[in-house]
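Asker: structure, please.
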Amino acid sequence: FFKAIADEALPNFGEFCPQSLASIAWAFATLNIQAPWTFSFFCALAKAAVITFHDFMPQDFADVAWALACAGIYLPDFF
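Answerer: A predicted model of the protein is given here:
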């Protein structure tokens, strides 16, 4: 189920507003899904966030940063 959601969201990350990126990052991190595809999912989400970072509110940034930390992903471009 969650893989299907991720597959649908992934190619559309560029169209997501910062709050939507933050919300989906938070939701997937909260679910603590341990699957091989989650790493690439979070990496793609973080890369989309970097592109729209200038539009982020502090809470959006905090939510994405928290989600990446929960997923064990460190992307220097995001930080």
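
Asker: show me where pLDDT drops low in this structure?
Answerer: For the chain, no stretch has pLDDT under 70.

Asker: what do you get if the cut-off is 80, keeping everything else the same?
Answerer: Low-confidence segments of the chain (pLDDT under 80): 77-79.

Asker: need the contact list for Ile51.
Answerer: Gly14 (Cβ atoms under 8 Å, 6 or more residues apart in numbering). No exception for glycine: its C-beta is placed from N, CA and C like everyone else's.

Asker: hey, where'd the helices end up in the protein?
Answerer: Ranges of helices in the chain, per DSSP state H, are 2-9, 18-31, 37-51, 58-71.

Asker: excluding its backbone neighbours, what's nearest Ala35?
Answerer: Lys3 (6.9 Å; Cβ to Cβ, 6 or more residues apart in numbering).

Asker: same thing with Cys70?
Answerer: Excluding the flanking residues, the one nearest Cys70 by Cβ to Cβ, 6+ apart is Ala29, at 4.1 Å.

Asker: all set, thanks.
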